[in-house]
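**Q** Here is my input; please provide its structure:
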Amino acid sequence: MSSPTYPLPGEPTALILDGEHAPYQLEREAPKWSQEDAVSYEVARELITALMAFRSEWVALERAKPAPDLSAIERWKAERGAYAAELRGLHVADRDNIARIRRDYGTEARRLAALER
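**A** Reported below is the predicted structural model:
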């Protein structure tokens, strides 16, 4: 069995729909990001998610105490919400922001993970 061939970016793609006799031509744009960009984006998403998870864990542990520190809980919830907003706004083509997240949040995630050992 031969593997399918796909049109290169910039080449039109012929599409024939059920019952149609003339193909539609779909113009394909070149991708706006590379595979490396996509991997960096996924790493940034994972780092943000990890920092959100630490905050969720801290909130749960604090709530379980006989006298929880409510101000700490609110601060961690606010931080978690800020990370969630940043995650929602993250775009694969935002290379500068993704580099910042990988650098800064990567350092923070490693530091927090080391504390848990």
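
**Q** Beyond the lengthiest helix in the chain, next helix or strand please.
**A** The single longest helix within the chain, with elements called by DSSP state H, is helix 35-63. Proceeding N to C from helix 35-63, the next assigned helix or strand is helix 70-89, under DSSP states H and E.

**Q** Can you list the buried residues in that next one?
**A** For helix 70-89, the neighbour count (16 or more other Cβ atoms under 10 Å) marks 73, 76, 79-80, 83, 86-87 as buried. (Each C-beta comes from the backbone N, C-alpha and C, glycine too.)

**Q** what number of residues lie near the residue lying closest to Trp76 once chain neighbours are set aside?
**A** Excluding its sequence neighbours, the residue lying closest to Trp76 (Cβ to Cβ, 6 or more residues apart in numbering) is Arg55, at 4.4 Å. As a burial measure, Arg55 scores 20 neighbours (other Cβ atoms under 10 Å).

**Q** Generate a markdown table for the buried residues of helix 70-89, with distance to Ala99 as supplementary columns.
**A** Shown next, in a markdown table, are the buried residues of helix 70-89 (distance: Cβ to Cβ, whole Å):
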| residue | distance to Ala99 |
| --- | --- |
| Ile73 | 32 |
| Trp76 | 26 |
| Glu79 | 21 |
| Arg80 | 23 |
| Tyr83 | 17 |
| Glu86 | 14 |
| Leu87 | 16 |
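
**Q** Tell me who's in contact with Ile101.
**A** The neighbourhood of Ile101, defined by Cβ atoms under 8 Å, 6 or more residues apart in numbering, consists of 44, 47-48, 86, 90.

**Q** Same check on Glu62?
**A** Going by Cβ under 8 Å, 6+ apart, Glu62 touches 68-69, 72-73, 76.

**Q** for the protein, where's the lowest mean pLDDT among helices and strands?
**A** Within the chain, confidence by mean pLDDT, DSSP states H and E is lowest for strand 24-26 among all helices and strands, at a mean of 53.

**Q** follow-up on the earlier one: now do the buried residues in the longest helix of the chain.
**A** Judged by neighbour count using 16+ other Cβ under 10 Å, the buried positions of helix 35-63 are 37, 40-41, 44, 47-48, 50-52, 54-55, 58-59.
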